[in-house]
Structure formats: structure tokens, C-alpha cells
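1. Dropping a prediction and its sequence here:
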Amino acid sequence: MRFKSKVVLVTGGSRGIGTALVRRFVEEGARVYFTYLSSKAQAAEVVRLTGKPHQIFALACDVRKKKDVQKIVDEILEKESSLDILINNAGIIRDGLFLTMSDEDWSDVMETNLGGVYHFCKAVSKQMVTQGGGKIINISSVIAELGSCGQVNYAASKGAINAFTRSLAAELASKKVTVNALAPGMVNTRMSSAARAAFGDKIKDRIPLGDFAEPEEIASVVAFLASEDARYITGQIIAVDGGLSLLCRR
Amino acid sequence: MQNYNPEIVKNVKVIISQALKVDESKVTPHSSLVKDLGAESIDFLDIVFRLEKTFKIKIPKGELFPEKLLTDARFVKEGKIMPAGLEELQKKIPDADWAEFLKNPTIANLGDIFTVGMIVDYLSEKLAPANK
């Protein structure tokens, strides 16, 4: 029960890595608030599956909208005396070759992936500074450093998150607010299903550990970064990618 | 600070000691936030946030601790505050100890004029019934 009495906010918690994060923190005793964009039924199912409805709260929110984000954070702080851990997980992909990528696909990805991180950090960091500490963990991607055909928008958004993470960490460190990012490789989620289906073993061939991560394995590392065991870690981008970023072939 | 509302003084001392992690006994009216109490730039924001919360007021950006002014080329040149900048600063913070600062008016020394007493002055004025 590492997170008993802690208040955690997870963005994009109704599926994939987000759901694994929500479940992990609930299991470890935290009061967890999570956002979802549109699927109320899916969010309700996440709440039901934890079996602890008094400990988990689903909130509809478009992370691109500053006002929505501030409203969510204000609502939480009306009920809670602190907000200890923020996990910026909400993200989308709109893959396509750059030469034919629409402006809309570019801006949707940037506004959701990077804009969401910006809005939530802005809304939460004031509280964390005055409460004397907090943990912010941004979900990035190994693609930020590797490059990937058809993912210029996604890679740019995640690369920006890495840069954002380092600088915000430097600004907030003296207030005991740590800011780190986690860069997953290929994870068994719906978001990566198209790539996994299309390239299957070819991708596995590039992963030194030879398989994909489960969302729960990502949640384990996030839980570590959010714990007191990671007190001395800030401004870091932690790759959880089975060695994919080593760029070696087996 | 003995001439001021003791509630304001008491709360300011608590806020400063908590924000800067210093013993309350070290927080006196003449303590410089930077030189004596070790404040860094983010601490100024922390203090503003805490003041807003405790006194239930809104402190507009730059009203208590001028910041934008210091990046304005009209007011600052090569780290030194120009006469126009000094005039603006003195308007914003009339109660600061300007005599000492004017001997060497650099940005690096500006932190020295932000004192605990200055915050109490600011709050006393802001919370005065006529200003509500």
C-alpha cells in the first residue's frame, strides 16, 4: 500500500496503459481520478473492474481544452486537500506519411499529446508547489528518440514532451516536485494493434527482449517513479522498451 | 511590522517560513527574501500562491514582485536598471529601501529590496477596507 492516502490523477484512463495505471494505483491504496474523452461506458467499466468505486472517480475531459482541464483540477481540489501524483497519459496517433499528412492530423496530435501535458501541468503545479511537493510523470514514447515513418506528428509531440519534462523538472525541483517521463516501446494495447498486426515478427525482431510489453509492466515503472523510492530522480526519460532503443538486431 | 494588523504579520511569517523552509524566528520585517532568507525565483511564485490562498485575494501577475519590467529593454540595459526602470520600480514598490539599492542598481541586487516588511505593506494596503 505505497500510495495509501495519496491522490492521483491519470489522464486518458479508460483504456490501454491508462487503465493499467488506474488499476495499479487503486490496488496500492491511492484515491484515483482519471479522465476519459468520450466513452462513458468504457470509463464506468474501468471503475467497476477495480471493485473499489469509493476510491476511483471517472471525469470526462478534453485534454486539449484549458478550461476543461482547470475545471477538473478545481473539482478534485474541492474534495481533496492535496494532489500528489499527476500522470499525463492521454495521447492519440494519427499516422500517415508527412507529405500527405493533413494539418488537422498534425494539430490534433500536438494539441492532445503535448497540449494536454501543458494544460495539466499548468493546472496542477501551482498546487504541488504550495503543498510542498508532488510527482509528475509524462508518458512519452521511444519514438521520440528513434524516428518512425508515418509518425512525424506523434514523434514530434513526444520529443517535445521529453524536452518539456527536463525543463519543468529543473524549475520545480527546489519545491520537491519531481517531473519525469516514461518512454514505452511497443505495448500490447489497442493503439499499437495496427502496427503489431502489420509488422508482427518484424517488429519483434528489432526488440532485444523479443516481445511486446503488457500495459501492467508500464504501470509498474510509473508506480516506482511515483513512489518515495524514486525521490532522487527528476528530469529523466526512462525507456521501458525491451531494449528497442538500443537499435540492435538479434 | 508592529504597527500592522497582527493577523497579517503572523500569517506572512508563517507563509514565508513554510515557502522558504526557514525558521519563523529568522523572518523579521527587514529580512531580505533573497539575501537573508535564500529565496529563488520560484519561491516568489510560491509566496504569491500562498498569500492568495491564505488571504483569499487575487494578486495580479507582477503586482507584488515586478518581473516583466526586468525583461523590458527600455528599463534594463546590460544587467543594470536604467532611470526609467527605477522610476517604474519605485512606483510599484514605494516602501522598499531604495537608498541602499540605488548605490548599485543591478538586477542581481534587486532581490535585496524584496523584504518581508514590503509584503506586509502590500497586504495591509490591499486588504484595507477602501481597497476591497
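-> On my side now, so go ahead.

2. Residue of chain B nearest chain A, please.
-> Here chain B gets closest to chain A at one residue, B:F49, 4.7 Å apart by Cβ to the nearest Cβ. No exception for glycine: its C-beta is placed from N, CA and C like everyone else's.

3. So what's the residue count around that residue?
-> Counted with other Cβ atoms under 10 Å in any protein chain shown, the burial measure for B:F49 works out to 17 neighbours.

4. Where does it sit: helix, strand or coil?
-> Taking DSSP: H, G, I helix; E, B strand; the rest coil as the rule, one finds B:F49 in the helix state.

5. For B:L69, report the pLDDT, please.
-> Looking at B:L69, its pLDDT is 68.

6. got it, and B:M1?
-> The predicted local distance difference test score for B:M1 is 49.

7. Can you tell me which residues in chain B are near chain A?
-> By Cβ under 8 Å from any Cβ of the partner chain, the part of chain B that sits against chain A consists of B:Q18, B:E40, B:I42, B:D43, B:L45, B:D46, B:F49, B:R50, B:K53.

8. The same query, at a cut-off of 10 Å, please.
-> Residues of chain B found near chain A, taking Cβ under 10 Å from any Cβ of the partner chain as the criterion, are B:15, B:18-19, B:21, B:40-43, B:45-50, B:52-54.

9. C-alpha coordinates for the longest strand anywhere in chain A, CSV please?
-> Under DSSP state E, the strand in chain A containing the largest number of residues is strand A:177-184. Backbone C-alpha positions of strand A:177-184 (Å, rounded to 0.1, in the frame of the first residue of the first chain) are rendered in CSV as follows:
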residue,chain,number,x,y,z
VAL,A,177,8.1,18.4,-7.3
THR,A,178,9.7,15.8,-9.5
VAL,A,179,9.0,15.6,-13.2
ASN,A,180,9.9,12.5,-15.2
ALA,A,181,8.8,10.8,-18.4
LEU,A,182,8.5,7.3,-19.3
ALA,A,183,9.1,6.2,-22.9
PRO,A,184,7.4,2.9,-23.7
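
10. and the residue lying farthest from the centre of chain B, what does it touch?
-> Relative to the centre of chain B, and counting by Cα atoms, centre = their mean, the farthest-placed residue is B:E78 at 23.1 Å. Going by Cβ atoms under 10 Å, 6 or more residues apart in numbering or on different chains, B:E78 touches B:T106, B:I107.

11. Just to check, A:K40 is in contact with A:C61?
-> No - no contact is recorded between A:K40 and A:C61 when judged using Cβ atoms under 10 Å, the distance being 12.0 Å.

12. Would you mind giving me the confidence score for A:P53?
-> Per-residue confidence for A:P53 comes out at a pLDDT of 91.

13. And for B:I59?
-> At B:I59, the pLDDT value in this model is 94.

14. cool, A:G200 as well?
-> Note for A:G200: predicted pLDDT of 68.

15. try B:I8
-> What the model reports for B:I8 is a pLDDT of 94.

16. how many other residues sit next to A:L21?
-> Using other Cβ under 10 Å: A:L21 sits among 28 other residues.

17. wait, isn't it in contact with A:V32?
-> Yes - between A:L21 and A:V32 there is a contact at 8.4 Å, judged by Cβ under 10 Å.

18. Please identify every residue contacting each of these two.
-> Counting by Cβ under 10 Å, 6+ apart, the shared contacts of A:L21 and A:V32 are A:V8, A:V10, A:G13, A:I87.

19. Residue ranges in chain A under the pLDDT threshold?
-> Screening chain A residue by residue with the criterion pLDDT under 70, one finds the ranges A:196, A:198, A:200, A:247-250.

20. Next, give phi and psi for A:I136.
-> phi -120, psi 130 (degrees, to the nearest 10).

21. what's near enough to touch it?
-> The contact partners of A:I136, taken as Cβ under 10 Å, 6+ apart, are A:9, A:85-88, A:117, A:120-121, A:124-125, A:128, A:165, A:168-169, A:172, A:177-181, A:225-226, A:234.

22. Skip the chain neighbours and tell me the closest residue to the residue nearest the centre of chain B.
-> When chain B is reduced to its mean C-alpha position, the nearest residue by Cα atoms, centre = their mean turns out to be B:F114, at 3.9 Å. Of all residues not flanking B:F114 in the chain, B:L33 sits nearest, at 4.6 Å (Cβ to Cβ, 6 or more residues apart in numbering or on different chains).

23. wouldn't that neighbour be in contact with B:K26 here?
-> No - under the criterion of Cβ under 10 Å, B:L33 lies out of contact with B:K26, with a separation of 11.5 Å.

24. Now do the shared contacts for the two.
-> With contacts defined as Cβ under 10 Å, 6+ apart, the residues adjacent to both B:L33 and B:K26 are B:I16, B:L20, B:V116.

25. just checking, what packs against the worst-scoring helix or strand of chain B on mean pLDDT?
-> Here the helix or strand of chain B ranked lowest by mean pLDDT, DSSP states H and E is helix B:107-110, holding a mean of 82. Taking 3 or more Cβ pairs under 10 Å, 6 or more residues apart in numbering or on different chains; DSSP states H and E as the contact definition, the neighbouring helices and strands of helix B:107-110 are strand B:80-81, helix B:83-92, helix B:98-101.

26. coming back round to it: nearest to A:P215 among the shared contacts of B:L33 and B:K26?
-> Within these, distances to A:P215 taken as Cβ to Cβ reach their minimum at B:L20, with 41.7 Å.
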